[in-house]
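**Student:** give me a model of this one.
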Amino acid sequence: MAAGLSVDLDRWRREFDELMLRVGGRFGRVEPRRRMAAFVRGLLAGLPRVNCWSIAEHAGEVSPRGMQRLLSSAVWDEAGVRDDLRAYVLERFADPGAVLVVDETGDLKKGAATVAVQRQYTGTAGRTENAQVAVYLAYAAPAGSAFIDRALYLPRSWTSDPLRCAAAGVPEDTAFATKPALATAMIGRALDAGTPAGWVSADEVYGQDPQLRAEVARRGLGYVLAVRKSHVVITPIGPRPATGLAKRLPARAWQRISAGPGAKGPRWYDWALIEVTDPAASQGGGLHWLLIRRRISDGEYAFYLAHAPGPVPLAQLVKVAGSRWKVEDGFAAGKELAALDEHQVRSWTSWHRWTILALLACAFLSVLAATQPHDSHPGDDQLIPLTRNEIRRLFTGLSQQLAAPATQLRWSRWRRRHQATARACHYRRRAQTLP
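**Tutor:** Numbering: from 1, shown residues only. Reported below is the predicted structural model:
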């Protein structure tokens, strides 16, 4: 294309059309099938405010009723679309050593009628707010990462009120489940479908749950799960709190290893490993450790319970621990690029349909970013690869002809060169500050 930039818009369009064709079989009629594709395009369009009204207007419809019906009452199989999403991600990223990463995110909501909303803590706000919380499962592999499942957390205040649940369309047989139980169910669903993976990683909400650890070990997977500083582990010298063990370690016990690349350079920390016993997961066999991370700048500790079916190097456990950051990047991309958190829906069915279509849009961008060749241009090698943000911008802008193609491509090149320069500066500054 113009400006010497190798953006294959036709390939991107074919990829999108093939993805829509893949999930199209989950729709009983052609009208909702076409509307679904328009809906996903609307999610990717970068609209100032994303809801059924703005998506319908973007699609050229005369009212939002068709888009609203797509989410609420049209006949289609959202669970089947979830399975298609997982299959699509695995076709591109499947790896036997991949990490299944669990994390949650909250969306702030007003009122009390929206399904699953109550006052609860959410990391999105960093405090207790009126919010709706959901647990997500991401597939992180060397080739790329993307979300493959999600589950809405329904608090006890909802499951104990059948009338309230019925008004929001919650299925009658839905019982209360903790967030770790939701995560365990999603992991099991992925593994039962043949998802190749070697590890599970999650934060301390999930690491503290013995049932989740036991199930992962029983399945033959390793895990690196965060736990609280006060967590008591069983060592050869008896039960000890994690913090106390870390403070007793000699200097030779620590190794400086990067947990993976970050926005400002490699994430360097000091790491140590202590062999422990985990009664919850002991029936699965294998080895168990307490993995300790120490921040270089101030010595702050973080702790993980780690398990593997057999011996593995410390660097491998560190790599799995670092994969948790990929899910944070996924949440940021999903909310910014595919309106994952902008749903204005109240019912159980509408929430599940909005989120699965948003995850489908995210996976589309992730696959393109992972498979896009790094373009070359004479005399200009300071250019970062196309990111999901840049692909979304070009896919929307070039398709809608928001500006002349040559102008859009020149701006894309400028942004990517500027980002490459900024990244190089961050990396140099980070290297200089390391002891």
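
**Student:** and the pLDDT at residue 374?
**Tutor:** Among the per-residue scores, residue 374 shows a pLDDT of 58.

**Student:** ugh, wrong one, I meant residue 343
**Tutor:** Looking at residue 343, the pLDDT reads 86.

**Student:** ok, it to residue 36 distance?
**Tutor:** According to C-beta to C-beta, to the nearest Å, residue 343 and residue 36 sit 15 Å apart. Heads up, the C-betas are built off the backbone N, CA and C, glycines and all.

**Student:** any idea which helix or strand in the chain has the lowest mean pLDDT?
**Tutor:** When the helices and strands of the chain are scored by mean pLDDT, DSSP states H and E, helix 405-433 comes last with a mean of 77.

**Student:** point to the residue nearest the middle of this protein.
**Tutor:** For the chain, the residue nearest the mean C-alpha position is residue 327 (3.6 Å; C-alpha atoms, centre = their mean).

**Student:** how far does the helix or strand that contains it sit from its chain's centre?
**Tutor:** Secondary structure from DSSP states H and E places residue 327 in helix 324-337. Helix 324-337 sits 6 Å away from the centroid of its parent chain (C-alpha atoms, centre = their mean, to the nearest Å).

**Student:** do stretch 61-79 as well
**Tutor:** For stretch 61-79, the distance to the chain centre is 25 Å (C-alpha atoms, centre = their mean).

**Student:** again, but for stretch 266-282
**Tutor:** The answer for stretch 266-282 is 23 Å, by C-alpha atoms, centre = their mean.

**Student:** pLDDT of it, averaged?
**Tutor:** Per-residue scores along stretch 266-282 average to 91.

**Student:** poorly predicted segments of the stretch 251-400 of the chain, please.
**Tutor:** Within the stretch 251-400 of the chain, the stretches with pLDDT under 70 are 374-381.

**Student:** in it, what residue spans correspond to strands?
**Tutor:** 255-262, 265-275, 287-294, 301-308 (DSSP state E, counting those that start in this stretch).

**Student:** residue 191 contacts residue 219, correct?
**Tutor:** Yes. Assessed by C-beta atoms under 8 Å, residue 191 is found in contact with residue 219 at 5.8 Å.

**Student:** neighbour count: those two, which is higher?
**Tutor:** residue 191 (18 against 15; other C-beta atoms under 10 Å).

**Student:** so the more buried one is in which element?
**Tutor:** helix 179-192.

**Student:** dump the C-alpha coordinates for that helix into CSV.
**Tutor:** Output of helix 179-192 as CSV, limited to C-alpha atoms (Å, rounded to 0.1, in the frame of the first residue of the first chain):
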residue,chain,number,x,y,z
LYS,A,179,-14.9,-16.8,42.1
PRO,A,180,-12.4,-19.7,42.5
ALA,A,181,-15.2,-22.2,41.8
LEU,A,182,-16.1,-20.3,38.6
ALA,A,183,-12.4,-20.3,37.6
THR,A,184,-12.2,-24.0,38.2
ALA,A,185,-15.2,-24.7,36.1
MET,A,186,-13.8,-22.6,33.2
ILE,A,187,-10.4,-24.4,33.4
GLY,A,188,-12.2,-27.7,33.4
ARG,A,189,-14.3,-26.8,30.4
ALA,A,190,-11.3,-25.7,28.4
LEU,A,191,-9.3,-28.9,29.3
ASP,A,192,-12.3,-31.1,28.5
